[in-house]
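Peer 1: Could you work out the structure for the sequence below:
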Amino acid sequence: MLRRHARSACTALVAAGMALAGLQAGSAAAAPDAPHLHRAPAVKTAAQALGADSARPELLRAMRRDLGLTHSQALTRLANEAEAGATAARLRQDLGGAFAGAWVDGAEAGTLTVATTRAADAAAIRATGARARLVTHSLTSLERVKETLDKAATADVPVRYVDVRANVLVVEEARAGAGARLVGAAGVPGGLVRVVRTAEAPRPLYDIRGGDAYYMGGGGRCSVGFAVTRGTTQGFATAGHCGRTGTTTSGFNQVAQGSFQGSVFPGNDMAWVAANTNWTATPYVKGSGGANVQVTGSVLQPVGSSVCRSGSTTGWHCGTVQQHNTSVTYPEGTISGVTRTTVCAEPGDSGGSYISGSQAQGVTSGGSGNCSSGGTTFFQPLNPLLQNYGLTLRTTGVDPGPGPGEPEPGGSWAAGKVYAAGDVVTYGGASYRCLQGHQAQAGWQPPNVPALWQRL
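Peer 2: Okay, here's the model as predicted:
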């Protein structure tokens, strides 16, 4: 735990999305000479919907520094990651129980690989432009085994996750033999598990713009995750280990700020703070040099994607997503459903923002190492946090929706609701299945965003 104790036009995007955008624009346009018909909204490519074309210069500079990319490569990578995430989400729905994971590779994330346990799926996967890999174990089967191990895990085996590239469940042990004992006690077949020795056990990152510092009334410092609202109340999302319900906070300037309204740790690592009327939530994360990085949504990105973190101790650093749905056992207990990354962090960075492009990913939980030698960190995904507390992520650049005289078509879809992959809604007389978990926004109506919704 790293809580600090008290003391331009996007050429790359156009190239990546031109073919899809052209097809969609052609099919979506209404006849210009039919005044009684409203022109259909332009259907957005995945890269457009996720804001890959509006990446801030400071984010691109950090990607160049930490990922060794050129400016052009960083732009292309963000566009490719958005499109790959949408493709992988559709294939996951289509493959069902045979799906075994997906990941991107290459400096520009130009290669998407999708794994399946069924050889007959290979042609369908390749038809989308992705590479197909035939493996033995489905993602669902490996995650079920992980759930079994989670129930018996101790701090001697602090991290468990499914490595989709290797098609195996990885158990990290801090003490020799602990991994084998856990696997044996749980009755899990050894062939499903790879035990890896780790030199450092992770700990929560102890310590109202994302990444700014705040201080707890009982002592200690953490970092703001993302600005949120709940009705007319403004506040921010952060890590649960930073404070308990009722804990008071002061801001980066030591001025009274608010109090924790809800907190979960262990189990998860999520919390939110309601601010007083002296504080205003903004749709930004503190980037390199203190510049504002825009937040436009909360679509979780696939394994291999770039991700950057903002924290009050070490500032702005980038890396890649290694695995989703990881379980970590800290001395205080186990948390599940976190994402493992290569981004470094240090005490005081806890609760801070993880963002891919302009898409909010989660809040810093814990990790190992530091920003001098490098390390591994974990973040609590943001969408479950928003859903748990009924919060709305503060975003910028959102489409206001239908104009005057253009009522929203009926249906169960609603802006502000958090949707998980597989959820089904109705909109305008049609049914749609959610492909990628996100919090819905005006302008992200299902027909407009095929990266997020599949018509049934």
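Peer 1: My understanding was that Q361 contacts P381; is that so?
Peer 2: Yes. In this structure Q361 lies within contact range of P381 using CB atoms under 8 Å: 6.9 Å. All C-beta spots, glycine's among them, are computed from the backbone N, C-alpha and C.
Peer 1: Counting neighbours, go ahead and name the busier of those two.
Peer 2: Each of Q361 and P381 has its neighbours counted (other CB atoms under 10 Å); Q361 has more, 26 against 22.
Peer 1: Let me see the contact set for that one.
Peer 2: Counting by CB atoms under 8 Å, 6 or more residues apart in numbering, Q361 touches 298, 300-301, 307, 321, 339, 354-355, 379, 381-382.
Peer 1: can you pull out the helices in the stretch 151-300 of the chain?
Peer 2: Remark: helices assigned in the stretch 151-300 of the chain by DSSP state H, counting those that start in this stretch are 178-186.
Peer 1: what stretches of it score poorly on pLDDT?
Peer 2: Applying pLDDT under 70 to the stretch 151-300 of the chain flags the ranges 204-207.
Peer 1: If we use 80, what do you get?
Peer 2: For the stretch 151-300 of the chain, applying pLDDT under 80 flags the ranges 200-201, 203-207.
Peer 1: what are the ranges of the strands in it?
Peer 2: 159-163, 168-173, 193-197, 203-204, 213-216, 221-223, 226-230, 233-238, 248-250, 256-264, 270-275, 284-286, 292-294 (DSSP state E, counting those that start in this stretch).
Peer 1: Quick one, which of these gets closest to E332.
Peer 2: Nearest of those to E332, taken as CB to CB: strand 203-204 at 7.2 Å.
Peer 1: Neighbour-wise, which one of the contacts of Q361 leads?
Peer 2: Greatest neighbour count in those, by other CB under 10 Å, goes to Y354: 33 neighbours.
Peer 1: That one pairs with what?
Peer 2: On the basis of DSSP bridges, Y354 is bridged to R309, G362.
Peer 1: separation between it and R340?
Peer 2: 11 Å (CB to CB, to the nearest Å).
Peer 1: picking up where we left off before, need the contacts of Q361 in JSON lines with distance to W413, can you?
Peer 2: As requested, the contacts of Q361 are exported to JSON lines (distance: CB to CB, whole Å):
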{"residue": "S298", "distance to W413": "16"}
{"residue": "L300", "distance to W413": "19"}
{"residue": "Q301", "distance to W413": "23"}
{"residue": "V307", "distance to W413": "28"}
{"residue": "V321", "distance to W413": "28"}
{"residue": "T339", "distance to W413": "27"}
{"residue": "Y354", "distance to W413": "27"}
{"residue": "I355", "distance to W413": "25"}
{"residue": "F379", "distance to W413": "28"}
{"residue": "P381", "distance to W413": "22"}
{"residue": "L382", "distance to W413": "20"}
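Peer 1: remind me which residues of the stretch 351-456 of the chain are low pLDDT?
Peer 2: In the stretch 351-456 of the chain (pLDDT under 80), the answer is 397-409.
Peer 1: which residues of it fall in strands?
Peer 2: Under DSSP E, counting those that start in this stretch, the stretch 351-456 of the chain gives strands at 353-356, 359-370, 374-381, 392-393, 418-419, 424-427, 430-434, 438-439, 453-455.
Peer 1: could those be laid out in a markdown table, adding distance to A119?
Peer 2: Shown next, in a markdown table, are these (distance: least, CB to CB, whole Å):
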| stretch | distance to A119 |
| --- | --- |
| strand 353-356 | 33 |
| strand 359-370 | 34 |
| strand 374-381 | 33 |
| strand 392-393 | 41 |
| strand 418-419 | 32 |
| strand 424-427 | 29 |
| strand 430-434 | 25 |
| strand 438-439 | 32 |
| strand 453-455 | 24 |
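Peer 1: Can you pull up the most central residue in the protein?
Peer 2: Using CA atoms, centre = their mean, the residue of the chain that lies closest to the mean C-alpha position is Q361, 2.8 Å off.
Peer 1: separation between the nearest residue to W279 once chain neighbours are set aside and G351?
Peer 2: The spatial neighbour of W279 that comes closest, neighbours along the chain excluded (CB to CB, 6 or more residues apart in numbering), is I208 at 5.2 Å. According to CB to CB, I208 and G351 sit 12 Å apart.
Peer 1: Which one's more surrounded, the two?
Peer 2: G351 (40 against 24).
Peer 1: show me what contacts the more buried one?
Peer 2: Counting by CB under 8 Å, 6+ apart, G351 makes contact with 205, 207, 222-225, 238-239, 242, 271, 363-364.
Peer 1: count of neighbours near A88?
Peer 2: When neighbours are counted by other CB under 10 Å, A88 registers 24.
Peer 1: For the stretch 1-150 of the chain, which segments count as helices?
Peer 2: Counting by DSSP H, counting those that start in this stretch, the stretch 1-150 of the chain has these helices, from start to end: 11-28, 46-49, 57-67, 71-95, 122-127, 139-152.
Peer 1: Just name the most buried of those helices.
Peer 2: Among the helices of the stretch 1-150 of the chain, helix 46-49 has the highest mean neighbour count (mean count of other CB atoms under 10 Å), at a mean of 26.
Peer 1: Quick one: list the elements packing against that helix.
Peer 2: Here helix 46-49 touches helix 11-28, helix 71-95, going by 3 or more CB pairs under 8 Å, 6 or more residues apart in numbering; DSSP states H and E.
Peer 1: hey, least reliable of these by pLDDT?
Peer 2: For the helices and strands packed on helix 46-49, mean pLDDT drops lowest on helix 11-28, to a mean of 32.
Peer 1: Ends of stretch 165-176, what's the gap?
Peer 2: 25 Å (CA to CA, to the nearest Å).
Peer 1: buried sites along it?
Peer 2: By neighbour count on 16 or more other CB atoms under 10 Å, the buried set for stretch 165-176 is 165, 167-174.
Peer 1: Determine which two of the residues you listed are furthest apart.
Peer 2: N167 and A174, at 24.7 Å, using CB to CB across those.
Peer 1: circling back: can I assume the residue nearest to W279 is in contact with F236?
Peer 2: Yes. The criterion here is CB under 8 Å, and I208 meets it with F236 at 5.1 Å.
Peer 1: most neighbours per residue, which of the strands of the stretch 351-456 of the chain?
Peer 2: Greatest burial across those, using mean count of other CB under 10 Å, falls to strand 353-356, with a mean of 31.
Peer 1: May I have that one exported as PDB, CA atoms only?
Peer 2: Extracted in PDB, the C-alpha atoms of strand 353-356 (Å, rounded to 0.1, in the frame of the first residue of the first chain):
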ATOM      1  CA  SER A 353      -5.700   8.100 -11.600                       C
ATOM      2  CA  TYR A 354      -5.100   5.500 -14.300                       C
ATOM      3  CA  ILE A 355      -6.000   6.700 -17.800                       C
ATOM      4  CA  SER A 356      -5.600   5.300 -21.300                       C
END
